[in-house]
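> Fold the following.
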Amino acid sequence: MSGRAILTGAEMRAAEEMAVAAGTPVAALMERAGKAAAEAIWRYAGPLPALILCGPGNNGGDGYVIARELAARGAAVRVAALAEPKGEAAQAAREAWTGPVEPFAEAGPAALLVDSLFGTGLARPLDGPVSRRLLDLAAAARVRIAIDLPSGAATDDGRLLSPVPDCDLTITFQTLKPSHLLQPAARHMGRIVVADIGIAVQSGLSEIGPPSIAPPGPGDHKYTRGYVAVVAGEMPGASALTAAAALKAGAGYVRLIARTFVPGVPNAVVQTPGEMQQPPHDPRIGALAIGPGLGRGDGARKLAFAFLGSAYPLVLDADALHLFAEEGIGWLRQAGATAILTPHEGEFARLFPALSGSKVERARAAAEQSGAIILFKGADSVVAEPGGMAAIAPPAPAWLATAGTGDVLTGIVAARLAATRDPYRAACEAVWLHGRAAERAGPGLIADDLIAAL
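Numbering: from 1, shown residues only. Have a look, this model is predicted:
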């Protein structure tokens, strides 16, 4: 479930300082970084004529090492410098490069462009002429590679401080940084390679990796695999998607609670029309999903809070979040419920209007306020738990932006919650499965296709 570690710019600098304090010189880290990046560039692009853009900091120092390594492999390499290096390690790397260095403003294009101008920690936009020249050189290149981050991208929150080119490959060191996965910066990264340069790191933030889901064993039965109850409402088609998705995501038993029989639901879903006044009394239920298609009128409100007051682990989405926001976030903590909230940006803003910061910071704060697991949906979904652990999902396909796919996600979350009884793990597993199912379904999917692809 937990994939590659993610560090903010400040955390990465602290890790580097600890490595230096432990006896590894900055110059040695720079050599490792440059050599690892050159290896990745060579494997990806081969011996294309290359233009390496070097800035004045350590990211530029990495660029000089890359230039030296690619030239030693036989590539035709040119270096263009924005300014002279500032630090001792970067100056030493510049001196070890024996080829010419052109002024950045005068450099002509090459088939391979390597952007080593600015790495992590950029805090302001690039100067206008620098930004325009970078974009022009990138447009003229066949292959565009960024070192650490494309110059112009912030490190920690996915912002673009300046326009950045679309890269084919981004090479970063030791860990991912938040902007590798947070939008809008993430869409410009291309393929991401994390090069190990021998720095020890610890992080409470990670990329969501593939889940480890054990197949059923001979001792399992439908209830041990997870019993999910789904509450239908005014638009039962949404809850039908949720119930079907829960089955396909591994639940052993799915019950759809509705006023009337809901057509179009798989026969394997157990329907109990008419049982809508209060939650069922069944201790085997491992997750209760409520919200998709529920409605927002007085009847829906009464129904919602009757079920939200139950003792079952909850998965709350859509209309349930809307009704819940009107009551105030303190209600959930007072109720002491085990819950996963799955808001998109608009729902999140209604639930937590006072929160600001990056998507990760807001998700963490929301989890702490509510006492719930937060699955903050989007092209860069974030999962956070009240203790501070958080994870960012790999980029989701844009074709998930169609009606009903959120209802499907609710069903997957409920299935994984019922199976694992671990809400943080369930949310992470669900968002990964949702994104990968969308990749398999392909462009033009509708929510029903997503269920089939699970």
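
> Output the below-cut-off pLDDT ranges for the chain.
1-2, 275-278, 335-336 (pLDDT under 70).

> where do the strands sit along the stretch 151-300 of the chain?
Here the stretch 151-300 of the chain has its strands, by DSSP state E, counting those that start in this stretch, at 169-173, 191-195, 205-208, 227-231, 253-257, 270-271, 287-290.

> okay, those, which one's buried deepest?
strand 287-290 (a mean of 31; mean count of other C-beta atoms under 10 Å). Any C-beta I mention is one placed from the backbone N, CA and C, and that applies to glycine too.

> what residues does that strand touch?
226-231, 239, 242, 246, 279, 304, 307-308, 310, 312-317, 320, 410-411, 413-415, 417-418 (C-beta atoms under 8 Å, 6 or more residues apart in numbering).

> Dump it to PDB, restricted to CA.
Taking C-alpha atoms only, strand 287-290 is exported to PDB below (Å, rounded to 0.1, in the frame of the first residue of the first chain):
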ATOM      1  CA  ALA A 287     -19.000  -0.800   6.400                       C
ATOM      2  CA  LEU A 288     -22.100   1.300   5.900                       C
ATOM      3  CA  ALA A 289     -22.000   3.500   2.700                       C
ATOM      4  CA  ILE A 290     -24.300   6.500   2.600                       C
END
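
> and the closest residue in space to residue 133 that isn't next to it in sequence, how many neighbours?
Spatial nearest neighbour of residue 133, chain neighbours left out: residue 105 (6.3 Å); criterion: C-beta to C-beta, 6 or more residues apart in numbering. Residue neighbour count, defined by other C-beta atoms under 10 Å, stands at 10 for residue 105.

> Report the separation between residue 105 and residue 82.
Between residue 105 and residue 82 the computed distance is 9 Å (C-beta to C-beta, to the nearest Å).

> Could you tell me which residues touch both of these two?
Shared contacts of residue 105 and residue 82 (C-beta under 8 Å, 6+ apart): none.

> Helices along this protein, start to end?
With helices called from DSSP state H, the chain shows them at 9-21, 26-45, 58-72, 88-96, 128-140, 236-248, 298-308, 318-327, 330-335, 345-351, 359-370, 405-420, 423-441, 447-453.

> the inter-axis angle of the fourth one versus helix 58-72?
In other words, helix 88-96. Counting by axes from the mean of the first three to the mean of the last three C-alpha atoms, to 10 degrees, helix 88-96 lies at 30 degrees to helix 58-72.

> Give me the angle between helix 88-96 and helix 26-45.
If you take the same axes, to 10 degrees, helix 88-96 sits at 60 degrees to helix 26-45.

> Buried residues in helix 88-96, which are they?
By neighbour count with 16 or more other C-beta atoms under 10 Å, helix 88-96 contains the buried residues 89-90, 92-94.

> can you count the residues close to residue 166?
So residue 166, with other C-beta under 10 Å, has 12 neighbours.

> doesn't residue 437 make contact with residue 397?
No. Checked against C-beta atoms under 8 Å, the pair residue 397 and residue 437 is beyond contact range at 9.7 Å.

> Settle it for me: which of these two has more neighbours?
Applying other C-beta under 10 Å to residue 397 and residue 437 shows that residue 437 carries more neighbours, namely 25 against 17.

> Now the more buried one. Nearest residue, chain neighbours left out?
Using C-beta to C-beta, 6+ apart, the nearest residue to residue 437 is residue 453, at 4.1 Å.

> Neighbours of that neighbour, how many?
18.
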